[in-house]
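> Generate coordinates for the sequence data below:
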Amino acid sequence: MLEGKVALVTGAGGGIGRDFALAMAAAGAKVVVNDLGTSVKGEGSDASAAQKVVDEIKARGGTAVASTDSVSEWQSAGRIVQCALDNFKNIDVVVNNAGILRDRFFFNMSIEEWRAVIDVHLNGSFYVARAAAPHFKSQESGCYVHMTSTSGLVGNLGQANYSAAKLGIVGLSKSIALDSFGRIDVVVNNAGILRDRFFFNMSVEEWRAVIDVHLNGSFYVARAAAPHFKSQESGCYIHMTSTSGLVGNLGQANYSAAKLGIVGL
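Predicted structure coming up:
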């Protein structure tokens with residue numbers, strides 16, 4: 001599916017972004033590895049973060065190039081997309097994964113802490129997606145993968161900025177699909193929560209809450225997309241699972257059951 005395609009992954013210098021970049025390169029994609037190399041709070045910069053992942057991809061026989069522009073400004077986001085075009089003459093996939101945290105209880109949160117998180121997560125997703133949109137439209141194909149969080153659905157302590165940004169990305173993604181293509185091509189079932197407790201103390205609510213989000217949620221979203229995939233004779237599901245489902249984990253009977261259930265799904 002990705003052989004010969006060009007994929008741009010933001011926040012790819014570490015964590016799940018790095019995993020996306022490595023997996024896509026292994027599947028045959030040419031990858032733009034974008035990362036400023038900042039701290040979790042978005043402070044500082046280190047160009048070597050992106051380059052290390054590029055070197056890792058090349059060492060495995062893949063093709064990649066580093067980008068160290070910021071997603072949080074329109075002009076620099078445009079340069080990230082242009083990096084793909086300059087090096088690979090095309091762009092097929094955008095993974096908007098870049099993110100920072102500035103956690104603080106709402107009554108103490110500063111304007112700067114609010115804006116910093118919104119600028120990277122929500123505005124950054126818009127800027128990079130928008131910069132790629134004309135190319136996707138002209139070639140009549142293209143794929144966006146946007147990273148969101150259950151913090152956007154249920155909130156989280158000290159994360160008014162992050163929660164707002166993440167649920168905003170959900171609305172952005174739905175509108176992009178309707179505005180740009182009137183169709184859906186990829187579903188990434190990544191939403192998840194934890195309610196860890198030893199089995200002999202685990203409540204029915206703690207069991208159901210985790211099963212509902214991880215396993216039932218994956219089914220509900222995949223099932224909702226299925227008629228569209230069937231009618232257009234194409235579509236891709238990406239379901240997030242865990243080794244906890246294979247080998248179990250302390251205090252995670254609910255999570256382990258859900259994650260191995262997703263494999264069965």
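> and the residue nearest to N190 when sequence neighbours are not counted, how many neighbours?
Leaving aside its sequence neighbours, N190 sits nearest to M240 (Cβ to Cβ, 6 or more residues apart in numbering; 4.8 Å). In this view, the C-beta of every residue, glycine as well, is placed from N, C-alpha and C. Using other Cβ atoms under 10 Å, M240 has 14 other residues around it.
> Would you agree M240 is in contact with L215?
No. Assessed by Cβ atoms under 8 Å, M240 is found out of contact with L215, at 11.6 Å.
> any residues in contact with both of those two?
By Cβ atoms under 8 Å, 6 or more residues apart in numbering, M240 and L215 have these common neighbours: I262.
> Find the nearest non-adjacent residue to G158, please.
The spatially closest residue to G158, leaving aside those adjacent along the chain, is D103, at 4.1 Å (Cβ to Cβ, 6+ apart).
> One more: I211?
Nearest to I211 is A258, by Cβ to Cβ, 6+ apart, at 5.2 Å.
> do L101 as well
The nearest residue in space to L101 (Cβ to Cβ, 6+ apart) is V40, at 5.5 Å.
> distance of that neighbour from V6?
29 Å (Cβ to Cβ, to the nearest Å).
> Those two - which one has more neighbours?
V6 (22 against 12).
> hang on, that one packs against F88?
Yes. Shown here, V6 and F88 form a contact pair, counting by Cβ under 8 Å, at 4.5 Å.
> Now do the shared contacts for those two.
By Cβ under 8 Å, 6+ apart, V6 and F88 have these common neighbours: K30, V32.
> got a list of what S203 touches?
Contacts for S203 (Cβ under 8 Å, 6+ apart) come out as R197.
> pLDDT value on it, please?
Per-residue confidence for S203 comes out at a pLDDT of 95.
> swap in V32?
V32 is given a pLDDT of 98.
> do you know how far it is from G152?
Distance from V32 to G152, by Cβ to Cβ: 26 Å.
> Determine the set of other helices and strands touching the helix or strand hosting the residue nearest to I211.
In this assignment (DSSP states H and E), A258 forms part of helix 253-264. Applying 3 or more Cβ pairs under 8 Å, 6 or more residues apart in numbering; DSSP states H and E, we find helix 253-264 packed against helix 204-211, helix 243-247.
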